[in-house]
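got a sequence here, can you model it:
(2 chains)
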Amino acid sequence: MNFFSLEKSFYSRASMYSFIVILFLFITMFFGTNQFKHIDLALSGYMVAAAVCFIGLVYRIVAFAMRPATRRVDGRSRKNLKNKARKRRTWKAITVTLFENIVLQKFIFKRGLYRGIQHLLVAYGCIGSFIITFGLVFGWFHFELVDPNHYAVSVLGLKTFVMDVEGWPAFMIYNGLNWTAAMCLIGLSMMFYRRIKDRDLQVTQRFEFDLVPLFILLAVTLTGLALTMSAVLFHGTLYMTISMIHQLTVITLLIYFPFGKLFHFPLRPLATAVPLNYQVGEDIPMHSCKRCGTSYAAQEQIEDVVSILQDNSFDLQLEDGSYLAEYCWDCRRKLRAMRQMNMLNPRTKDPYAPIDTNTGISMPGFSKKKA
Amino acid sequence: MDRVLYLEFERCIGCRACQAACRECGGHDAKERNYVEYIDFMESRQTFPMMCMHCKDPACARVCPANAIQITKDGVVLSAMEEKCIGCRNCTFGCPFGIPKFDFEKNIMYKCDMCYERTSQDISPMCASVCPSEAIRFIGFEEMMELRRKRAQSNLLQGKKPTEQNKWNFVPETFGVYTE
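The predicted model follows:
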């Protein structure tokens, strides 16, 4: 299927992908709910909000992919994924990034044990909650009574496993949202404590960006746990009211999700592109600095950076046709300082010629008379 | 904030107090974000301090595939946002001045953010507050413009008149003209 010609029949690329995603949701719902016979109408509010959330996510991701930098990295990754010679590197990159970066979140633990724990708790709390919520809302899975003592878990209309109604797997699954909520609550408390305690953060944090998502998540968590409290401890007092408030907070979260800080969640897999394309190893060509000759980056990355800068109309080309990105950091700093001090060799256009500090324009020294 | 960070390379004495101060700054995790380097060690002992230029249209932000580098409304280009930075190091290669640094441990880029938590409160950044020779100063925009005009005049006095085409070559080399 040629996506380019298909795109023309839509208003925009984002609308095309949104349509595809909604269509996919619709089809999975069709199979999951046994041809729309088992839709849980109590969750219809969540359903609409989730659809809006997915459209927002698609819109943001498409917008990101249209930026020259992201487009270039995306294109490079696609090209390298198809490259048979790099197969081993590709699979290693994907599995290692998936496991260390996304499952274990090692890099956050290196920023601090406290931060690692709080992020891990909230991340898995949220991911778990979203899986359960979306699963129930779109009818991807539901429970069927096979006999008075056994439930069958039906995933997309297919019966998977049967469990005892009173057994511990059933208990764990029924209370799934409670466990994830507890994880979120602990993580969020740690985050709030850090935001209150850390004075550096207080200066740099922005209310609408850093605090609002925490407040929204906290509201969702607390109202969700209040539902359980009401059912278990208070014989269902105010259950309907709390469930309405909970629905409202979740809808707020879902609509906020693509547009705020939480959007880093769909962005994170882009980190795979780094070991996939750019990580320096013996199997890929290296780029050496045009001036001092040190190898400092992968050749492909420098090519990408140069082309991204060109796409953004940056004129960073020197007289000899080389680009500033082709010099190492030290040489770039030196070139700039010498340009500013008027010390680049005026007798030659060669930017990596030996430095000639006696340009005749300025005389070094404090007490010497100026020329 | 209408104050600017004003650097004068020829005033630098190479004491690296700015780097020590930068390491001390909260949130910098004992890693300096500025540079003090020799222009050419074989020729002279002249050093120069180097901070981020805080470009209006920063190349580092443009080459970032995750859009992690943000600019405040004061025009300060911040370090990569921790939740977005994917650690590709494009910014370190894209920056025409070679400013951003990369932390391989934490998988994140960090750069001079002009001590935003200080400068946003009109306190001078760590490097400027410790520089003994005033090579790094945090001064008002008007004051900076005045200094620049004086320096251009001192160039004129030497009989070299800047033209529109090469006026940036006339970044002055006079030491101490403006400390009347």
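
A:Phe259 - nearest residue in space that isn't next to it in sequence?
A:Gly56 (6.4 Å; C-beta to C-beta, 6 or more residues apart in numbering or on different chains). Bear in mind the C-beta positions are built from the backbone N, C-alpha and C, glycine included.

show me which positions of the helix or strand harbouring that neighbour end up buried.
Take DSSP states H and E as the rule and A:Gly56 turns out to sit in helix A:44-65. Across helix A:44-65, burial judged by 16 or more other C-beta atoms under 10 Å in any protein chain shown covers A:45-47, A:49-51, A:53-62, A:64-65.

please apply the same query to stretch B:128-137.
Across stretch B:128-137, burial judged by 16+ other C-beta under 10 Å covers B:Ala128, B:Ser129, B:Val130, B:Cys131, B:Ala135, B:Ile136, B:Arg137.

likewise for stretch B:30-42?
B:Glu32, B:Arg33, B:Asn34, B:Tyr35, B:Val36, B:Glu37, B:Ile39.

kindly report the same for stretch A:129-147.
Buried residues in stretch A:129-147 (16+ other C-beta under 10 Å): A:129-130, A:132-142.

hang on, the earlier thing: got a list of contacts for the helix holding A:Gly56?
With C-beta atoms under 8 Å, 6 or more residues apart in numbering or on different chains as the test, helix A:44-65 has contacts from A:13-14, A:17-18, A:21-22, A:25, A:70-71, A:74, A:133-134, A:137-138, A:247, A:250-251, A:254-255, A:257-259, A:263, A:266-267, B:67.

any of the residues you listed buried? List them.
A:13-14, A:17-18, A:25, A:70, A:74, A:133-134, A:137-138, A:247, A:250-251, A:254-255, A:257-258, A:263, A:267, B:67.

now, which of those residues lie within strands?
Within the buried ones among the contacts of helix A:44-65, no residue falls in strands by DSSP state E.

so which of these sit within helices?
Counted as lying in helices by DSSP state H, out of the buried ones among the contacts of helix A:44-65, are A:13-14, A:17-18, A:25, A:70, A:74, A:133-134, A:137, A:247, A:250-251, A:254-255, A:267.

and the two most separated of the residues you listed?
Spanning the widest gap among these are A:Asp74 and A:Gln247, at 36.7 Å by C-beta to C-beta.

against chain A, how distant is the residue nearest the centre of chain B?
By C-alpha atoms, centre = their mean, chain B has its centre lying nearest to B:Met51, at 2.4 Å. Remark: distance between B:Met51 and chain A (C-beta to the nearest C-beta, to the nearest Å) = 11 Å.

can you give me phi and psi for that residue?
In terms of degrees, to the nearest 10, the main-chain angles of B:Met51 are phi -120, psi 180.

now swap in B:Lys101 and tell me
phi -110, psi 160.

ok, it - contacts?
B:Lys31, B:Arg33, B:Thr92, B:Met109, B:Tyr110, B:Lys111.

how about these, which pair is most distant?
Among these, the pair separated by the greatest distance (C-beta to C-beta) is B:Lys31 and B:Thr92, at 14.4 Å.

for stretch A:278-285, the averaged confidence score.
Average pLDDT, stretch A:278-285: 80.

got the contact list for that stretch?
For stretch A:278-285, the external contacting residues (C-beta under 8 Å, 6+ apart) are A:Arg86, A:Arg89, A:Ala93, A:Met286, A:Ala297, A:Ala298, A:Gln299, A:Glu300, A:Gln301, B:Cys88, B:Arg89.

could you do stretch B:31-50 as well?
With C-beta under 8 Å, 6+ apart, stretch B:31-50 has contacts from A:330, A:333-334, A:336-338, A:341, A:343, A:355, A:357, A:364, B:7, B:9-10, B:12-14, B:16, B:18-20, B:22-23, B:51-52, B:97, B:99, B:101, B:103, B:110-113, B:127, B:131, B:135-136.

ok, back up a step: can you pick the most crowded of the contacts of stretch A:278-285?
Counting neighbours by other C-beta atoms under 10 Å in any protein chain shown, B:Cys88 leads these with 29 neighbours.

which residue packs closest to B:His28, ignoring adjacent ones?
Distances taken as C-beta to C-beta, 6+ apart place B:Cys22 nearest to B:His28, at 6.2 Å, with adjacent residues excluded.

same deal with A:Arg115?
If the residues on either side of it in the chain are set aside, A:Arg115 comes closest to A:Ile108, at 5.9 Å by C-beta to C-beta, 6+ apart.

need the contact list for that neighbour.
Residues counted as contacts of A:Ile108 (C-beta under 8 Å, 6+ apart) are A:Arg115, A:Gly116, A:His119, A:Leu120.

highest neighbour count among those?
A:His119 leads these on contacts (other C-beta under 10 Å) with 20 neighbours.

stretch A:124-142 and chain B, any residue contact?
No - using C-beta under 8 Å from any C-beta of the partner chain, we find that stretch A:124-142 stays clear of chain B, coming within 13.1 Å at best.

now that stretch: how far from the chain's centre is it?
Averaging C-alpha positions (C-alpha atoms, centre = their mean, to the nearest Å) puts stretch A:124-142 19 Å from its chain's average.

for it, which outside residues touch it?
Residues from elsewhere that reach stretch A:124-142 (C-beta under 8 Å, 6+ apart): A:25, A:28-29, A:32-33, A:38-40, A:43, A:46-47, A:50, A:153-156, A:176-177, A:179-185, A:187, A:217, A:221, A:250, A:262, A:265.
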